[in-house]
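Undergrad: Let's see this in three dimensions:
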Amino acid sequence: MIGVCLGAQLIARACGARVYPGTREIGWAPIVPTARGRDSALAELAGANWEVLHWHGDTFDLPEGAELLASTAAVPHQAYAIGKQVLALQFHPEVLPRDIEAWLIGHTVELGKAGIDPRAIRARTAEIGQGVAAAGRRMFARWLDEAGL
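TA: Next up is the predicted model:
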């Protein structure tokens, strides 16, 4: 099972962990992998300098038995694994550059309230989006392979 953003939060909650409002992160920024994260499928993101798209305001406590894979300064639980069968990501390595415009349009009010200029996200997507998308595809493929799926 792979959970992305809300999916990671739902997995955490289903495992008994708390989900709650946290620091809003929207835009391109790096994650910091743990030692376990650097040895996991997340290592594929190193090719993108660990930079990913963040787009969340809620966070969660790490579920019991989960291994932390990555953090940011503002949000300590960015990625975790439960055994080889569960990968949970608070960030969005699945996003394709061609999809970002729909995100920007669909979240215009949210971006405005947060004081985020959509042009900055659009420009950064043009710079790194293809490389991050390729790294994300490699990460998912490696995880599926390592999970035996």
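Undergrad: So which residue is dead centre in the chain?
TA: Phe91 (1.5 Å; C-alpha atoms, centre = their mean).
Undergrad: how about it, what does it touch?
TA: 4-5, 31, 52-56, 78-79 (C-beta atoms under 8 Å, 6 or more residues apart in numbering). Every C-beta, even on glycine, is put in place using the N, C-alpha and C of the backbone.
Undergrad: tell me the mean pLDDT over the longest helix seen in the chain?
TA: The helix of greatest length in the chain, counted in residues with DSSP state H as the criterion, is given as helix 118-146. For helix 118-146, the per-residue pLDDT values average out at 96.
Undergrad: tell me which strands and helices the helix or strand bottoming out on mean pLDDT in the chain is in contact with?
TA: Here the helix or strand of the chain ranked lowest by mean pLDDT, DSSP states H and E is helix 108-114, holding a mean of 93. Counting contacts by 3 or more C-beta pairs under 8 Å, 6 or more residues apart in numbering; DSSP states H and E, the secondary-structure elements packed against helix 108-114 are strand 19-30.
Undergrad: What pairs with the helix or strand just after the strand it packs on, parallel or antiparallel?
TA: On the C-terminal side of strand 19-30, the closest following helix or strand by DSSP states H and E is strand 32-33. Sheet neighbours of strand 32-33, with direction, are listed as strand 67-71 (antiparallel) (DSSP bridges).
Undergrad: following the strand it pairs with, which helix or strand comes up?
TA: From strand 67-71, the next helix or strand downstream (DSSP H and E) is strand 79-82.
Undergrad: what comes into contact with that next one?
TA: Surrounding strand 79-82, the residues in contact under the criterion C-beta under 8 Å, 6+ apart are 8, 11-12, 15, 31, 33, 36-37, 40, 42, 62-63, 65-70, 87-91.
Undergrad: out of those residues, which are inside helices?
TA: Under the assignment DSSP H, those contribute 8, 11-12, 36-37 to helices.
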